[in-house]
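> The following block contains a protein sequence and its predicted model.
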Amino acid sequence: MVFDVVVLTAYEYQPKAGEYGRAHVVHVPLDDMPGKSPSTGKPPSQYEKALASEAGRAVAGWVRRGKRVLVTCWQGRNRSGWVTGLALIELGVPVQKAIDTIREARGEDALENPHFVDALREYRPVTQGRISRAS
């Protein structure tokens, strides 16, 4: 499948734009506390929350405009799930439905990081009903 936008959320893997053809590549390097149990890792920083939130709003804006968007991370479970969940919430999907949808699509290990789930539950959409300014 060809994508219009690729959002790379794994800080340890940020390939160059050319690896995704003509897609617009957005770098959103987030930490998933490697080497630690997701249940005991530290919560995301305020900076990471802001970065993920901005990415989620941008993804929602692209989707509203009919763009094909891929949000990816190293394993496709936590960081990409977090940003995708934020986008779904921005698009008007209730929080629990967003979490369930991601887990149905990616498997029961998706969003196993409880800090990311907490961040989704605490998030309040800001662009619902309007298009994000991100291009």
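Alright, I've got the coordinates.
> so what does the host helix or strand of Trp82 touch, helix or strand wise?
Secondary structure from DSSP states H and E places Trp82 in helix 79-90. Packing partners of helix 79-90 (3 or more CB pairs under 8 Å, 6 or more residues apart in numbering; DSSP states H and E): strand 5-10, strand 24-30, helix 46-64, strand 69-72, helix 95-106, helix 114-122. For every residue, glycine as well, the C-beta is placed using N, CA and C.
> how about JSON lines for these, with distance to Gly81 and mean pLDDT added?
Converted to JSON lines, the helices and strands packed on helix 79-90 look like this (distance: least, CB to CB, whole Å; pLDDT from 0 to 100):
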{"stretch": "strand 5-10", "distance to Gly81": "9", "mean pLDDT": "92"}
{"stretch": "strand 24-30", "distance to Gly81": "11", "mean pLDDT": "89"}
{"stretch": "helix 46-64", "distance to Gly81": "11", "mean pLDDT": "94"}
{"stretch": "strand 69-72", "distance to Gly81": "8", "mean pLDDT": "94"}
{"stretch": "helix 95-106", "distance to Gly81": "5", "mean pLDDT": "96"}
{"stretch": "helix 114-122", "distance to Gly81": "7", "mean pLDDT": "93"}
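> surely Ala10 meets Thr72?
Yes. Between Ala10 and Thr72 there is a contact at 7.4 Å, judged by CB atoms under 8 Å.
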